[in-house]
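> this is a predicted model, with the sequence first.
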Amino acid sequence: MLSGSIILEDMRFILTVVPFTLGTAFIVLFFGVLLGLLVAVIRICQIPVAKQIARVFIDYTRGVPLVIHLYLAYFILPMVIDSLSLLLGLGNGTQVSPLVVLVVAYAFYISVGQSENIRGAYYSIEPGQWEAAFASGMTGYQALHRIVAPQGVAVVVPVLFNTFLGVIKGLSLAFTIGVADILSQAKLASAQNAHYLEAYIAAALIYWVLCGLLDVVFRRIELAFKKW
């Protein structure tokens, strides 16, 4: 029979990893946006050779499931670091934290979406607005800061926040490489008390409430940016 007290007990146990999950999601988003910005600049500027590499990277990332990215990073990243260590004369046997593997794999995975998000924001600004800014005596930085950036941010921010929520839920795969998140904590709780349904209900409620609260916060931030 379903037990409410066990659900509450499991929720308290699962909540201990929520700060870690939020922090990890933010780090993933940060590096994903940086890599996405790089890819977007390469494609916008049509940099020779680099744009072909970016195209292959985008096609590969879109076509391969996230869990495979995670496993590939788990096995390949230590090999790459060992090779670099040998090349630099630092020896081998370098230990790579599963958290580092997680951040790298997820950041690469979401970077494609962020690159498209940034490109969309860039192309949403009419060229005439740049010309009008320069005609009024503004420098390139002033035009970017006062006219272009506020409009671009209004386009980027909603997708960015949705990506953040997606990363939080996507981190449920972290347990496959030994990183504790909300779902893995629920699995651990169910293993301890053998109440599997209650543990998953507790995890579902936490995801639901957490995403609902973040949605409220993000909407307020989005409104603030629109008034910028």
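Looks like it came in fine. Numbering: from 1, shown residues only.

> what pLDDT is listed against residue 206?
Note on residue 206: pLDDT of 93.

> for residue 227, same thing?
64.

> which strands or helices does the lowest-mean-pLDDT helix or strand in the chain pack on?
Sorting the helices and strands of the chain by mean pLDDT, DSSP states H and E puts helix 140-143 at the bottom, at a mean of 71. Counting contacts by 3 or more CB pairs under 8 Å, 6 or more residues apart in numbering; DSSP states H and E, helix 140-143 is packed against helix 127-135. Heads up, the C-betas are built off the backbone N, CA and C, glycines and all.

> any idea which element the spatially most central residue of the chain lies in?
Geometric centre of the chain, nearest residue: residue 29, 3.2 Å, by CA atoms, centre = their mean. If you go by DSSP states H and E, residue 29 is part of helix 18-45.

> can you check residue 170 too?
Using DSSP H and E, residue 170 falls in helix 149-170.

> dump that helix to CSV, restricted to CA.
Only the C-alpha atoms of helix 149-170 are listed here, as CSV (Å, rounded to 0.1, in the frame of the first residue of the first chain):
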residue,chain,number,x,y,z
ALA,A,149,22.1,43.4,-27.2
PRO,A,150,18.7,44.2,-25.5
GLN,A,151,16.9,42.8,-28.5
GLY,A,152,19.1,39.8,-28.9
VAL,A,153,18.9,38.9,-25.2
ALA,A,154,15.1,39.0,-25.4
VAL,A,155,15.3,36.3,-28.0
VAL,A,156,18.0,34.2,-26.3
VAL,A,157,16.8,34.3,-22.7
PRO,A,158,13.6,32.2,-23.0
VAL,A,159,15.4,29.4,-24.9
LEU,A,160,18.3,29.6,-22.5
PHE,A,161,16.0,29.1,-19.5
ASN,A,162,14.2,26.2,-21.2
THR,A,163,17.6,24.6,-21.8
PHE,A,164,18.5,24.9,-18.2
LEU,A,165,15.3,23.1,-17.2
GLY,A,166,16.1,20.5,-19.8
VAL,A,167,19.6,20.0,-18.4
ILE,A,168,18.2,19.5,-14.9
LYS,A,169,15.9,16.7,-16.1
GLY,A,170,18.6,15.3,-18.4
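
> could you pull out the buried residues of it?
149, 151-152, 154-157, 159-161, 163-165, 167-170 (16 or more other CB atoms under 10 Å).
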